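Asks: quick one: sequence plus predicted model below, questions after.
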Amino acid sequence: MAHSVSSKLIRRIQAYGAFDVSACFNCGNCTAVCPLAQDRGGFPRRLIRLGQVGMKKALLADEDLWMCFGCGECSKTCPRQADPAQYLGAARRYVTSCYDFTGISRLMLGSAWGQLLGFLVLSALFTLLLLHGGGIIDPKAIHEQALFKFLPGPWIHAIGVALFAIIALSMLTGVASMLWRTCGRHLREAPGSLSLAALPAALAASIGDALAHQTHRRCDADQPEVPWFRRPWLIHAAIVWGFLGMLAATSLDFLFKPIGSNVPPWYPMRILGTISGLVCLYGLTMAMVRRLRAVETPYRSSGFADWFFLLLLTATVGTGLATEVVVYLPTGSVVGPLIFLAHVVLAMDLIVLLPLSKFAHAVYRPLAMCIHRWATAPVAQPAAQPAAI
Ligand code: SF4
Ligand code: SF4
């Protein structure tokens, strides 16, 4: 199929934080050193080439872009200092903005001011909305009753459900766009691929990979000098596992615990939430410390989008843990409801920004893994006919 070429593509990707890859002279060193290049047809050099020659459609239809975990090996060894790892990060931000039909992620991911402004506007909106439904600080009320007098549970629930519906719709359009482009490419290049029979296995393997970080571990295999607790895959896994644990605790709380009822600290969902929050906070802290030190390649080229996401998640988890402490104070306090308000507003910001920020990789990367496994699954051959006698 003929691809249209855009001479502006590389400049557009650069606007999302890429180094000038025009220095790349296509030597293939990055492909030789990348621990994930096997069976991926010249990855990552192929993707750099697509940007250089302006093949936007081909770039949007290539799920391998999401396979890179930013280990930085390619940038470390690039003879032209073209920083392919940073290029791939910027290309992912660019592609995310292209998958989003609203155009908001272009504003959010393409400029630090856009992200900051979007965050402030959303936070102000949610604060006003939440206070509109409650806002009563009762100094006599203690524990969770005080919090849910300030922000009534049904009101939080109603706003949360509406947000989930809007965001699910927005994320689904992004997912549909990615599926349409990537699966369409595979079907054009290999008409017999993507058999329905191979889908369940590809799906199961990709969910397992996303949870156990098998592919990410391959990136770290060449760094035996890094202690296990500082390994990038473990830091990332701590963030993912902690986040999923908190999500599970919140959902179970909502399903089984009457809103505003007081429970002891050893209540199972509270224990799950607290441990998950601490695990997530460990991962976030390590990720930020390594970025601040900026001596190890995976974190050398952090952009505003990376910092914004990490800080937003840290603030959400931090205020959640602080709220847990506040509910066990012996007396009522003004500070408790305000911390709770901050936590709910930040959690809502996080939900809304899922399809529009770096957070979107939590959906696109596992999906890319699944598409890749599905497309490369061996095609079952029809059983041989017995020879006629
Ligand atoms: S190693 Fe550098 S110069 Fe060589 S192909 Fe990769 S990005 Fe280009
Ligand atoms: S950053 Fe690591 S995983 Fe990504 S392309 Fe470079 S070497 Fe491969």
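Replies: Noted; the coordinates are in hand. Ligands and ions are numbered 1, 2, ... in the order given.

Asks: going forward, measure contacts and count neighbours with C-alpha atoms only.
Replies: OK.

Asks: quick one, domains of the protein?
Replies: Split into domains by automatic domain parsing, the chain comes to 9-99, 104-376.

Asks: give me the distance from the longest one to the chain's centre.
Replies: Right, the one you point to is domain 104-376. 8 Å (C-alpha atoms, centre = their mean, to the nearest Å).

Asks: hang on, the earlier thing: between the domains of the chain, which one is nearest to ligand 2?
Replies: Nearest of these to ligand 2, taken as C-alpha to the nearest ligand atom: domain 9-99 at 3.6 Å.

Asks: what about residue 351, how many neighbours?
Replies: Residues lying near residue 351 (other C-alpha atoms under 10 Å) number 17.

Asks: state the distance from residue 374 to ligand 1.
Replies: Using C-alpha to the nearest ligand atom, to the nearest Å, we find residue 374 at a distance of 27 Å from ligand 1.

Asks: name the element that residue belongs to?
Replies: helix 361-376 (DSSP states H and E).

Asks: helices or strands up against that helix?
Replies: helix 153-189, helix 199-212 (3 or more C-alpha pairs under 8 Å, 6 or more residues apart in numbering; DSSP states H and E).

Asks: which one of these lies closest to residue 7?
Replies: helix 153-189 (20.9 Å; C-alpha to C-alpha).

Asks: ok, back up a step: can I get the domains of the chain in JSON lines including mean pLDDT?
Replies: Below are the domains of the chain laid out as JSON lines (pLDDT from 0 to 100):
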{"stretch": "domain 9-99", "mean pLDDT": "89"}
{"stretch": "domain 104-376", "mean pLDDT": "87"}
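
Asks: quick revisit: put the alpha carbons of the helix holding residue 374 into PDB.
Replies: Taking Å, rounded to 0.1, in the frame of the first residue of the first chain, the C-alpha atoms of helix 361-376 are listed here in PDB:
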ATOM      1  CA  HIS A 361       0.400   4.000  28.200                       C
ATOM      2  CA  ALA A 362      -1.300   1.800  30.900                       C
ATOM      3  CA  VAL A 363      -3.900   0.900  28.300                       C
ATOM      4  CA  TYR A 364      -1.900   1.200  25.000                       C
ATOM      5  CA  ARG A 365       1.100  -0.900  26.000                       C
ATOM      6  CA  PRO A 366      -0.700  -4.100  27.100                       C
ATOM      7  CA  LEU A 367      -2.900  -3.700  24.000                       C
ATOM      8  CA  ALA A 368       0.200  -3.400  21.800                       C
ATOM      9  CA  MET A 369       1.700  -6.500  23.400                       C
ATOM     10  CA  CYS A 370      -1.500  -8.400  22.700                       C
ATOM     11  CA  ILE A 371      -1.700  -7.300  19.100                       C
ATOM     12  CA  HIS A 372       1.900  -8.300  18.500                       C
ATOM     13  CA  ARG A 373       1.400 -11.700  20.100                       C
ATOM     14  CA  TRP A 374      -1.800 -12.200  18.200                       C
ATOM     15  CA  ALA A 375      -0.300 -11.200  14.800                       C
ATOM     16  CA  THR A 376       2.800 -13.300  15.200                       C
END
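
Asks: got the contact list for that helix?
Replies: Helix 361-376 has contacts (C-alpha atoms under 8 Å, 6 or more residues apart in numbering) with 63-64, 66-67, 175, 182-183, 186, 193-195, 198-199, 202-203, 205-207, 210.

Asks: tell me which parts of the stretch 1-150 of the chain are close to ligand 2?
Replies: Applying C-alpha under 6 Å from any ligand atom, we find that the stretch 1-150 of the chain lies next to ligand 2 at 34, 35, 36, 44, 68, 69, 70, 71, 72, 73, 74, 85.

Asks: TSV please, covering the helices and strands packed on helix 361-376 and showing distance to ligand 2 and mean neighbour count.
Replies: Output for those, formatted as TSV (distance: least, C-alpha to the nearest ligand atom, whole Å; neighbours: other C-alpha atoms under 10 Å):
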stretch	distance to ligand 2	mean neighbour count
helix 153-189	19	16
helix 199-212	15	16
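
Asks: rebuild those as CSV, extending it with distance to residue 29.
Replies: Shown next, in CSV, are those (distance: least, C-alpha to C-alpha, whole Å):
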stretch, distance to residue 29
helix 153-189, 26
helix 199-212, 27
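
Asks: how about those, which one is nearest residue 272?
Replies: Of all the helices and strands packed on helix 361-376, helix 199-212 sits nearest to residue 272, with 17.5 Å by C-alpha to C-alpha.

Asks: other SSEs contacting that closest one?
Replies: The elements that helix 199-212 packs onto, with contact taken as 3+ C-alpha pairs under 8 Å, 6+ apart, are helix 232-256, helix 361-376.

Asks: switch the cut-off to 6 Å
Replies: helix 361-376 (3 or more C-alpha pairs under 6 Å, 6 or more residues apart in numbering; DSSP states H and E).

Asks: between the helix it packs on and helix 153-189, how many degrees?
Replies: 30 degrees (axes from the mean of the first three to the mean of the last three C-alpha atoms, to 10 degrees).

Asks: do helix 361-376 and ligand 2 come into contact?
Replies: No. Against ligand 2, helix 361-376 shows no contacts by C-alpha under 6 Å from any ligand atom, the least distance being 12.8 Å.

Asks: coming back round to it: keep only those of the residues of the stretch 1-150 of the chain next to ligand 2 that are in helices.
Replies: 73, 74, 85 (DSSP state H).

Asks: run a quick neighbour tally on the second one.
Replies: It stands for residue 74. 26.

Asks: pull the contacting residues for it.
Replies: Contact analysis of residue 74 by C-alpha atoms under 6 Å, 6 or more residues apart in numbering lists residue 30.
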